[in-house]
Every structure is written in C-alpha cells, then in structure tokens.
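Undergrad: fold the following.
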Amino acid sequence: MDLPPVGLGTMGIDDPDAVATALSVGYRHLDTARIYDNEAVVGDGLAAGLTAVDLDRGDVTVATKLWIDDLRGEAVAPAARESAERLGVDAIDLLYVHRPRGDYDPETTLPALDRLVEEGLVRNVGVSNFELADLDRAVEVLGRPPAAHQTELHPLFYRPELLDHAREHGYPVVAYSPLAGGRVREVDAVTEVADAHGTTPEAVAIAWAAAKEPVVTIPKASSEAHLRANLAAADLDLTDAEVAAIDAVEREEELFPE
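TA: Just a heads-up that it's a prediction; the model follows:
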C-alpha cells in the first residue's frame, strides 16, 4: 500500500472533532481498532472532515483491526461488517489481524479475510504485532505478502529484522506509538538531535522512524498544534550519523508487550 509518512493513531480519541481536524490539516490515513471502542467516533469525524474539506472518500485510507476474539473463521465477516457500519464506510481500506493470538488460526482466519476482499467489504488485508514466523506463515497462506504490518516502533523499541522482512517482501511497516508514550523526551540521543535541529524530541522520533524505509508512522494527537507538528516532522531530514546514534540506544522499553 502507498501510505502517507504520517497518519493518525486514534487509540484513546473520543472526540470526532479531533479526527475532522486531522483531515482538515492534511492527514489522509486514519487508524483505529475494534478494541479501542471508538470506531463510531472515527467514522463521525471522517464524515465531518470529508464534508468540511471537500474530500472524496477515496482520498483517505481508513484502517481498523479485528481483536483476538473476532478471528474465528466464521466470526471474521460479521465483525468486519460491524466495524464498517460503525465507521460509516462501504468498504474498509485496510483490515488488520490485531494480534496472532486468541482465536487466530492462519488456515481459517486469513482465507476468511481474503473472502471479504473478494466481496468488496475490505480492500486490503494487514497484520499487526506479528513475529517473523507469523509473517512467513501469513505470506504462505495468503500467497502474497500482507498489505501492511503494524508494529510498535520507537527509539526505545526497535526490531530491524521486521523491517528487513518488509523490504524483502515489499510491504510497508506501520509504526505505532512512535513517540513511546512521551518517553522520547527522556532519551539523550533523541534530545541531542532535537537541540541540533532546533526542534522537539517528538519531531525527531517521527523523522527517525520515517527515515527507515518502508516505515510510516501513526502518532496519536488531538490538538491542532500537535497534529500539525507531527505531520510536519516527516519533512525533518536527519543525517545518517544522527539516525545511527538513535539506532544505538541500548535501552528497550516495549509499551505493549504480549
């Protein structure tokens, strides 16, 4: 998929105005999930934003995820239809397996998702929080790579082997929590680069992730100022040495472990 460098992560957003504002300032990728319990909020914000900015529905990628109890073969289609209804869309642009846990079985879950593509309810099938073995099995069962792999990625938690797999198979990596829940402000390598550029640690964290092909980011923001700042951060050019300095951070802090 051709996804923009910065999209909007919506976990915790409960006001449609934040989503509409994101579209008004230039966001074209909205990410939610059934477990966030805000698909209707995102849908209302999408509808308002499309009208306010005079956008076509096709201009915006709308992504959601099936939770681990939605992944039985016979449960996939009803769950996806409920999500589409809450989002107010005829088709979900990108539907992820949220985690390969619970009722997930690649032999039944992935074919059920593929049938939704054939029906037109879903345009692309993605995966989220997969390990390398899970990714390889998905490629084998689908007969193609996933449309995208969403995974936690920020200066305190970085798994280059997942990016290598994406490069090898030609799909984007969607980085969630790229600001590490605000903890990037505590990372010396990040703050030093921010000082050198006269910008914020948050902007550097997004730019660092965006520098890693094929990574796109979905930071959460709700105020117009933060929405604009995150969107602009992808245009910040870091030197190879600056990227390498952040790569070398030894501390690991996974925010959303299994």
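
Undergrad: next, name the residue at the spatial heart of this structure.
TA: The chain has residue 174 as the residue nearest its centroid, 4.3 Å off, counting by C-alpha atoms, centre = their mean.

Undergrad: that one pairs with what?
TA: Per DSSP bridges, the residues bridged to residue 174 are residue 150, residue 216.

Undergrad: could you check the pLDDT of it?
TA: Per-residue confidence (pLDDT) for residue 174: 98.

Undergrad: do the same with residue 177
TA: Looking at residue 177, its pLDDT stands at 97.

Undergrad: so which residues of the chain form helices?
TA: Secondary structure of the chain (DSSP state H): helices located at 16-25, 39-53, 73-87, 106-119, 132-142, 160-169, 188-197, 201-210, 224-233, 240-247.

Undergrad: out of the ones you listed, deepest packed?
TA: helix 201-210 (a mean of 26; mean count of other C-beta atoms under 10 Å). C-beta here means a position set from N, CA and C on the backbone, and glycine is covered the same way.

Undergrad: got the contact list for it?
TA: Helix 201-210 has contacts (C-beta atoms under 8 Å, 6 or more residues apart in numbering) with 5-6, 153-155, 175, 178-180, 184-185, 187, 190-191, 193-194, 197, 215-217, 219, 229-230, 232-234, 236-238, 242-243, 246.

Undergrad: quick one: work out the angle between that helix and helix 224-233.
TA: 40 degrees (axes from the mean of the first three to the mean of the last three C-alpha atoms, to 10 degrees).

Undergrad: compute the inter-axis angle for helix 201-210 and helix 240-247.
TA: Orientation of helix 201-210 against helix 240-247 (the same axes, to 10 degrees) gives an angle of 100 degrees.

Undergrad: show the average pLDDT along helix 201-210.
TA: For helix 201-210, mean pLDDT is 98.

Undergrad: how far away from the center of its chain is it?
TA: Put simply, helix 201-210 sits 15 Å off its chain's centre (C-alpha atoms, centre = their mean, to the nearest Å).

Undergrad: then stretch 148-155?
TA: With C-alpha atoms, centre = their mean as the basis, stretch 148-155 stands 7 Å off its chain's centre.

Undergrad: show the end-to-end separation of that stretch, please.
TA: End-to-end distance for stretch 148-155: 21 Å, by C-alpha to C-alpha, to the nearest Å.

Undergrad: what do you get for stretch 12-29?
TA: End-to-end for stretch 12-29, by C-alpha to C-alpha: 17 Å.

Undergrad: outside of that stretch, which residues touch it?
TA: Stretch 12-29 is contacted from outside by 3-4, 6-8, 10, 30, 36, 38, 41-42, 44-46, 48-50, 52-53, 55, 59-61, 63, 216, 218, 220-224, 227-228, 231, using C-beta under 8 Å, 6+ apart.

Undergrad: if we can go back for a sec, of the helices of the chain, which is nearest residue 255?
TA: The closest of the helices of the chain to residue 255 is helix 201-210. By C-beta to C-beta, the value is 13.1 Å.

Undergrad: only alpha carbons, please: show that closest one as CSV.
TA: Only the C-alpha atoms of helix 201-210 are listed here, as CSV (Å, rounded to 0.1, in the frame of the first residue of the first chain):
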residue,chain,number,x,y,z
PRO,A,201,12.2,15.2,20.6
GLU,A,202,8.8,14.1,19.3
ALA,A,203,9.6,15.5,15.8
VAL,A,204,12.9,13.8,15.9
ALA,A,205,11.3,10.4,16.8
ILE,A,206,8.9,10.7,13.9
ALA,A,207,11.7,11.7,11.5
TRP,A,208,13.9,8.9,12.7
ALA,A,209,11.2,6.3,12.0
ALA,A,210,10.3,7.9,8.7
